[in-house]
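**Q** just coords:
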């Protein structure tokens, strides 16, 4: 071998070694449950104040997520939309006053809670307590009505006010006064119309029984609701990975709502670790891994706001889509990685495209050892509006309601190994769907 040939072989070997070394050092797309959990814990922390729609805490959460996605190489834009949530701004009181002056005081978040449904603005009311025993039952004006769960009809609240009720106390059909609900009952895309003149609270079954005894004893009730409806701006975060550099037309999108219930009037927050810092964090880590995979296909991540009020963010996405939704496969992550030993649900509307996608996702998730239940039609999650725009859409959800919408929904109730397992199979599905190298 002459010197020139020898030098050529040496150069070739050096080049090959450098290529192999670069390949060995190239990051491999993966999902770390610890990294997902760390982001979920950050979002659940005090800086973000429960991530209520239109609040400073919610805006700080949006800024954090925007920064992570930009750093991963995504083009990020905000999609703002109007909403009118019920915020807890006033006092919360429930007290029965018995003949002779004895008082029975009920504890907020233990015995009773507010309700935003129906749009009844908070304030105070006092009057004789009347147990409603049948639908359509007459009652004198000025009464506080005590309504058992078996007779509760949200549509009847307006009629009670029209007939002169000063307040309504509802027995909770399920759940706990520790839970906060932001749902207003407004039509999709509509803002709730605040109403005044009647105060509405909800009570536990135990508190209901004590109040029923007080009603039989001719008690009066003094009550106050903290709910105040305020105009707010929701903010969706839309992250685009333009793999081919042309028109942005993703074939796959992950979505997750990053908002939660905000705070009570005393500033104490609803952390929302499972609901839905978990889904948001997993979706963001999936987006980072997809970027590392350097797919040449277009991919979108949408983090929605206002889910807890009226699915407002997903409605805005459908009403004014930032990219074509027809034909896109959309996977919504909402409440994942609970430490509780329970099944994963894959929800969809029942349309043929979404049913097909649900079958595929269920099969993928079962590969990781999860027990999976397919459920349809289910409309009340962020996937629900998307098929009307031509998308195939499902929600993956571990509907653990043990700590749902309470101040105990903390990161320590999440499982890093489960987040790793679920994230791993969803990443594999995504990269195969996108045809990544």
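**A** Great, that's in hand. Source: prediction; values computed, not measured. Residues are numbered from 1 along each chain as shown.

**Q** Show the residue spans covered by the helices in the stretch 151-300 of the chain.
**A** Shown for the stretch 151-300 of the chain, the helices assigned by DSSP state H, counting those that start in this stretch span residues 157-162, 205-216, 279-292.

**Q** Of all those, which one comes closest to residue 351?
**A** Proximity of the helices of the stretch 151-300 of the chain to residue 351 was assessed by CB to CB; the nearest stretch is helix 279-292, lying at 22.4 Å. Every C-beta, even on glycine, is put in place using the N, C-alpha and C of the backbone.

**Q** Need the mean per-residue confidence for the closest one.
**A** For helix 279-292, mean pLDDT rounds to 97.

**Q** tell me the SS of residue 322?
**A** Here residue 322 is recorded as coil under DSSP: H, G, I helix; E, B strand; the rest coil.

**Q** Setting aside sequence neighbours, what's the nearest residue to it?
**A** residue 238 (4.8 Å; CB to CB, 6 or more residues apart in numbering).

**Q** Touching, that neighbour and residue 305? I think so.
**A** No. Residue 238 lies out of contact with residue 305 (CB atoms under 8 Å); the separation is 11.3 Å.

**Q** can you tell me which residues contact residue 46?
**A** Residues near residue 46 by CB atoms under 8 Å, 6 or more residues apart in numbering: residue 269.

**Q** For it, give its distance to residue 407.
**A** Remark: distance between residue 46 and residue 407 (CB to CB, to the nearest Å) = 12 Å.

**Q** Report the set of residues contacting both of those two.
**A** Common neighbours of residue 46 and residue 407 (CB under 8 Å, 6+ apart) are residue 269.

**Q** about what we covered before: for the residue nearest to residue 322, report the pLDDT, please.
**A** Here the pLDDT value assigned to residue 238 is 98.

**Q** who's residue 331 bridged to?
**A** Per DSSP bridges, the residues bridged to residue 331 are residue 254, residue 394.

**Q** State the pLDDT value of it.
**A** pLDDT for residue 331: 98.

**Q** who's in contact with it?
**A** The contact partners of residue 331, taken as CB under 8 Å, 6+ apart, are 252, 253, 254, 255, 357, 361, 393, 394, 395, 396, 426.

**Q** in the stretch 251-400 of the chain, which spans are strands?
**A** Using DSSP state E, counting those that start in this stretch, the strands of the stretch 251-400 of the chain run over residues 252-257, 299-304, 329-333, 344-347, 372-375, 392-397.

**Q** what packs against the last one?
**A** Spelled out, it's strand 392-397. In terms of contacts (3 or more CB pairs under 8 Å, 6 or more residues apart in numbering; DSSP states H and E), strand 392-397 is packed against strand 329-333, strand 344-347, helix 352-367.

**Q** which one of these is the most hemmed in?
**A** Across these, the average number of neighbours (mean count of other CB atoms under 10 Å) peaks for strand 329-333, which reaches a mean of 26.
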